[in-house]
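Undergrad: show me the folded form of this:
(3 chains)
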Amino acid sequence: MAAAIYLNVAVSGVLTGLVYGLMALGLSVIFGVVRVVNFAHGEMMTIAMYLAIVLFGAFGLDPLLMLVPIAGVLFVLGYALQAGLINPFINRPEHSQFILLVAVALIIVNLLLIVFGPDARNVQTSYAFDSFLVGPLIVDATKVYAGAASLLVAGALFVFFRFAPVGKAIRACADNYTGALVVGLDVKRLYALTFGIGAACVGAAGSILVLLFDVTPALGPSLTLLAFIIVITGGLGSMPGALLGGVLIGLTEAMAGLLFTPSAKSMFSFGLLVLVLLFRPQGILGKRLSW
Amino acid sequence: MIRTLPIDSARPGITRRGFAAGAGAAGLLAGSAPLRLARAQGAPLKVGVLLPRSGAQAGIGQDCQRGVELAPAIFKQLGLPQLEIMNADTETNVEVARTRAEKLIGDGAQLLVGAFDSGQTTAIAQVAEQKGIPFVINIAAAPPITEQGYKFVFRNFPTAPMILRDAFANQKEIFAATGTAPKSVVFMHVNDTFGTSMQKGISAVMPKFDMPYKVVETISYDPTARDLSVEVAKAKATGADALLMVSRLNDAILITRELVKQRWSPMAVLSMGPGWYEDQYLKTLGKLSDGPLSFVPWYDPNKRLSKVLEAALAKAYPDINLNTNHVFTFEALLVAADAYKRARSSDPKALADAIRTTNITDNVSIGPGIQFDAKGQNDKLKDAAIQNRGGKLLTVAPQAAGNAKPELPMRPYDKRG
Amino acid sequence: MVKTLLEGVSRRGLVLLALLLAALVAAPWLANDYLLTVLIIILYFAYTGQAWNVMMGFAGQLSLGHALYVGLGAYTAAALYVHVGIGPWLGLPVAIAIAAAAGAAIGFLAFRFGVGGIYFAILTIAFAEFARIGFDHFGWVGASSGFFLPVANYSRDDLWNLRGDPTMFYYVMLALTAAAFVLCHLLLKSRVGYYWRAIREDETAARSLGIDTFRYKMYAVVISAGMTAVAGVFFAFYYNNLFPEQVFHISRSIELILPAIIGGVGTLFGPVIGAFLLTGLSETMQELLTRLGLDVPGAKQVFYGICLLAVVLALPEGIWPWLARKLGVTEQRP
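TA: Prediction:
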């Protein structure tokens, strides 16, 4: 019995962690290239979650299938945000970028409140209450689908950056800004593209997340914070790092909840973050940055 | 440089000019003018209503507001004087609550009502006390609020120890009526103001009741938790018969989902707070929402005014069940209107004196009616036990205020078709 | 000292400064209670903005977790008052010491291990959040059910115990804000101030000039944390109730630093102007929406956000540098 509960909690933690990882991936991609920390990250994700809920409510479309179009919508949003608003701030100090994105976040949260009201919304899929019995293990079906979808999206993104010409150009931009300019890359457009891709990632994560969490307008800021913890633990700017960070945080919170008092479990993820920052400031899989 | 502050737009003279256009002019004078004059002109009492309608508590604040909306029409039927409601949003923030209270009083509010949350309520209470403006609390359970020796603060809502006292009494009544009782429970509570007040109270109140069950483990969890699978796994592993809960709405839904997924059907869910009876809970979970018992401040379904309020809500919001938020916000306004009628004056001191001698028996909540003790607390309030059955909320205890028999044990989640 | 204070300020600037001060001193006679409450909030944010500015504006260390120091100051003074019976003015040094020690610990860890820039900012958030959850479980000060200071209807002001009507709190806050202003002015003129600015502009260069950057960054954190704790003590005795979710929350940290950034980072008048503008804006907007009958929860915050956007887009340096030029008073951005 005792062993079973540890195993159960660990599996659940890892599966949730995969989704956390995907959630943080968008933040990491944007920072890795554009060097802007998106403080409106979680708020953008709540937009995606509400989109998924509207589509499900109106047409009964499963969020896992709607992942692609929602990612598309968020791509456009991200592209526009970078091209229209953030671009002049690329070389401004961090606190300037911070205020800009905090303002964007404030607007998003309250527009959502006006449009959707304050009550929590969710989707009721046919498999919402299913679970698999594997020996002593009871595995939440939704979490399995969500974890698998997260891996798939992360894999697709990985392939894109590794093999697609645009993906390679973006990586060039990230590695050597001046060099990219010299070889004639349109950096401004590539930055907007990157922000779009990061946002698309957020969109995909949001449509998966809506299966696990109920959404309220006020959810945004806490998702932003969670994404920060994950990304910095794993390594800001590193894609595998984000996934690893997600799994680590998911697992840490689950185990801390089991072994200590659950209301204090996020203390352990903050503790992990502090440790990582002190002993490996670039994150577990991050490259040392020069500042 | 001080010009950057929009003093002009906020100066009271100008604000008051705005009110002079309406019926407010008489009310403005009423503080000093002979009492009858104000009444003769039929000036409505200006009541400032402070609720957290945006920010983290937006959902509850907006739900409370429904109780405000229903009041005027019903007061008219009751022959009570009209109220001029001045709404203010506290944005779930203590500072904003305080500023808005000052603003309302500056704009001529003669009585304040609010504010759901204990922290915001405390901030408003200080302003009201300083200004000598009566403040009727709709909902806030932290005991210290009425322990400060305030003269102008009144609370028609039970404190945490009162809620617990009634919860245990009603549980025993139900166990006796059904002949079933759990031998052990896990106590799960949300770690917020209300949750910890209740948790502290339990150790003091429970021994007095000789309950049939033991609390085998206490699990506290984060109010903003997005995933409660670990908490439920931990609770399940204790092998307890039933769940004793103090929660909010979202966590109640999350816990129920996890109970189903982790294939654990406790004999009973005994909730001593919000969440398990709320509309959102019933709507979201459908058949799975049946069964939990909530031990909460509630309305007496047999009282005349309850039926009136229920009908009014059904007309305005057909798919919303009457709940604690509507009832106690409505009753706070009822206290205000009743006091205004008896005081025949909008003078704050006269109003406060009138509230102190309140004795409303034609009311909604359970118990003999609305009265306040020396501390400004309605200590006669009784809580009910309600059970979700078929999407409806039935009052199952105390018997005097009941309209159905309790069902225990709960039907297992996997046998609901 | 007076000479150092007035050095480099134009005559016009002096006149404007004197007028502002006179208006603020006279405010309780001119303003009603509501306006006075708003002014208290404005001064509170002007003060905390000034304190934050020492760290960010002067020494270039971005802290996004200043709510930590407010909270530590507030809880220390409140606990001493409630549990030990020590009044706020005696509790103040203890509160400052505890917050400064926390600042020193964070600074030491971060600067020793070379954590800087946005990483440092996130570290400060992490510590504030850590404290929030910690205090949620700290039973001695009420945990998450809140910590209440005893209040009664005071017939007269008791400055020693900080119990009284808003006018008293107003003057206390005004005095604190003025003191912070003077202190920051002196700091900027001091040797430390020059070292800070050198670090802010280029830390590597500063180090190569022989400045002990670690030590001076530590000074900045410790002074800033200690100053912020004073605001915390005020907060505790003014509001009389403390909830970890309210006091330590990240949204509080953001609120604390908005005025300084909007007003102008690194300037002395920036936090003051920023506080006036933002709080004034918020209140005007509320009034305007009420008049228009637009009682939509959230609408105010949307407009507020749009105004923030407009300001950062139009005046990236902040309002004060631009306004100072317009008014013909130069405060050379130090």
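Undergrad: show me what contacts A:V187?
TA: By Cβ atoms under 8 Å, 6 or more residues apart in numbering or on different chains, the contact set of A:V187 is A:173, A:177, A:180-181. For glycine as for every other residue, the C-beta is placed from the backbone atoms N, C-alpha and C.
Undergrad: read off the pLDDT value for it.
TA: Per-residue pLDDT puts A:V187 at 85.
Undergrad: close to chain B, is stretch C:50-68?
TA: No: using Cβ under 8 Å from any Cβ of the partner chain, stretch C:50-68 stays clear of chain B, coming no nearer than 13.1 Å.
Undergrad: does any part of that stretch sit near chain A?
TA: Yes: residues of stretch C:50-68 contacting chain A under Cβ under 8 Å from any Cβ: C:56, C:62, C:64.
Undergrad: next helix or strand past the lowest-mean-pLDDT helix or strand in chain A?
TA: The weakest-scoring helix or strand in chain A, judged by mean pLDDT, DSSP states H and E, is helix A:177-182 (a mean of 82). Next along the chain after helix A:177-182, taking DSSP states H and E as the criterion, comes helix A:187-212.
Undergrad: how far away is A:M239 from A:A148?
TA: Plainly put, A:M239 is 18 Å away from A:A148 if you go by Cβ to Cβ, to the nearest Å.
Undergrad: who touches stretch B:404-414?
TA: Contact with stretch B:404-414 is made by B:174-175, B:177-178, B:180, B:259-260, B:263, B:265-269, B:288, B:290-293, B:385, B:387, B:389, B:394-397, as judged by Cβ under 8 Å, 6+ apart.
Undergrad: list the contacts for A:A120?
TA: A:A120 neighbours (Cβ under 8 Å, 6+ apart): A:214-216, B:59, B:249-250, B:253, B:280.
Undergrad: nearest to C:L294, of the residues you listed?
TA: B:G59 (20.7 Å; Cβ to Cβ).
Undergrad: quick check: which element contains the closest one?
TA: Going by DSSP H and E, B:G59 is part of helix B:58-78.
Undergrad: what is the neighbour count of the nearest residue to C:A46 once chain neighbours are set aside?
TA: Nearest non-adjacent residue to C:A46, counting by Cβ to Cβ, 6 or more residues apart in numbering or on different chains: C:A275, 4.0 Å away. Neighbourhood size, C:A275 [other Cβ atoms under 10 Å in any protein chain shown]: 29.
Undergrad: residues in contact with C:A275?
TA: If you count contacts by Cβ under 8 Å, 6+ apart, then C:A275 has C:42-46, C:49, C:259, C:263 around it.
Undergrad: what does the stretch 201-334 of chain C put close to chain B?
TA: C:239-241, C:243, C:245-246, C:273, C:276-277, C:279-280, C:283-284, C:286-288, C:291, C:295, C:297-298, C:300-301.
Undergrad: alongside chain A, which residues does chain B contribute?
TA: Counting by Cβ under 8 Å from any Cβ, chain B sits next to chain A at B:53-56, B:58-59, B:61-62, B:191, B:219-222, B:224-227, B:229-231, B:233-234, B:237, B:249-250, B:253-254, B:257, B:260-263, B:280, B:284, B:288.
Undergrad: mind checking the SS state of the closest residue to C:G114 other than its chain neighbours?
TA: Spatial nearest neighbour of C:G114, chain neighbours left out: A:P281 (6.5 Å); criterion: Cβ to Cβ, 6+ apart. Here A:P281 is recorded as coil under DSSP: H, G, I helix; E, B strand; the rest coil.
Undergrad: check what pLDDT A:P281 gets.
TA: pLDDT, A:P281: 80.
Undergrad: for it, phi and psi?
TA: phi -60, psi -30 (degrees, to the nearest 10).
Undergrad: and what of B:L45?
TA: phi -70, psi 130.
Undergrad: for the spatially closest residue to A:G220 that is not a sequence neighbour, helix, strand, or coil?
TA: Of all residues not flanking A:G220 in the chain, A:E43 sits nearest, at 3.6 Å (Cβ to Cβ, 6+ apart). Recorded secondary structure, A:E43: helix (three-state DSSP).
Undergrad: so which residues on the stretch 51-200 of chain C come close to chain A?
TA: With Cβ under 8 Å from any Cβ as the criterion, the stretch 51-200 of chain C comes near chain A at residues C:56, C:62, C:64, C:109-110, C:113-119, C:121-123, C:125-127, C:129-130, C:133-134, C:136-137.
Undergrad: so how do I select the buried members of the residues of the stretch 201-334 of chain C next to chain B in PyMOL?
TA: Those of these that count as buried under 16 or more other Cβ atoms under 10 Å in any protein chain shown are selected in PyMOL with:
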select buried, chain C and resi 239+240+241+243+245+246+273+276+277+279+280+283+286+287+297+298+300+301
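Undergrad: the residues of the stretch 201-334 of chain C next to chain B also near chain A: which ones?
TA: C:297-298, C:301.
Undergrad: which of the residues you listed lies closest to A:N91?
TA: Comparing those against A:N91 with Cβ to Cβ places C:Q301 closest, at 29.3 Å.
Undergrad: could you pull up the residues touching that closest one?
TA: Counted by Cβ under 8 Å, 6+ apart, C:Q301 has contacts A:106-107, A:109-110, B:54, B:91.
Undergrad: which stretch of helix or strand covers it?
TA: C:Q301 belongs to helix C:299-314 when assigned by DSSP H and E.
Undergrad: run through who's touching the least confident helix or strand of chain A.
TA: Residues from elsewhere that reach helix A:177-182 (Cβ under 8 Å, 6+ apart): A:169, A:172-173, A:187, A:190.
Undergrad: can you flag the buried ones in the residues you listed?
TA: Buried among these by 16+ other Cβ under 10 Å: A:169, A:172-173, A:187, A:190.
Undergrad: make JSON lines out of those and add distance to B:L322.
TA: Supplementary listing: the buried ones among the contacts of helix A:177-182 in JSON lines, determined by distance: Cβ to Cβ, whole Å:
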{"residue": "A:A169", "distance to B:L322": "61"}
{"residue": "A:A172", "distance to B:L322": "64"}
{"residue": "A:C173", "distance to B:L322": "60"}
{"residue": "A:V187", "distance to B:L322": "61"}
{"residue": "A:L190", "distance to B:L322": "58"}
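Undergrad: measure the residue nearest to A:G220 to A:L112 for me?
TA: From A:E43 to A:L112 the distance is 8 Å (Cβ to Cβ).
Undergrad: okay, now B:M198: neighbour count?
TA: 24.
Undergrad: same question for C:A260.
TA: 30.
Undergrad: okay if I get the ones next to chain A among the residues of the stretch 201-334 of chain C next to chain B as JSON lines plus pLDDT?
TA: Listed next are those as JSON lines, based on pLDDT from 0 to 100:
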{"residue": "C:P297", "pLDDT": "85"}
{"residue": "C:G298", "pLDDT": "88"}
{"residue": "C:Q301", "pLDDT": "90"}
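Undergrad: before we move on, back to that, can I have the buried ones of the residues of chain B next to chain A as a PyMOL selection?
TA: Buried subset of these, written as a PyMOL selection, criterion 16+ other Cβ under 10 Å:
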select buried, chain B and resi 53+54+55+56+58+59+61+62+191+219+220+221+222+224+225+226+227+229+230+231+233+234+237+249+250+253+254+257+260+261+262+280+284+288
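Undergrad: in helices, which of the residues of chain B next to chain A fall?
TA: Using DSSP state H, the subset of the residues of chain B next to chain A located in helices is B:58-59, B:61-62, B:229-231, B:233-234, B:237, B:249-250, B:253-254, B:257, B:260-261, B:280, B:284.
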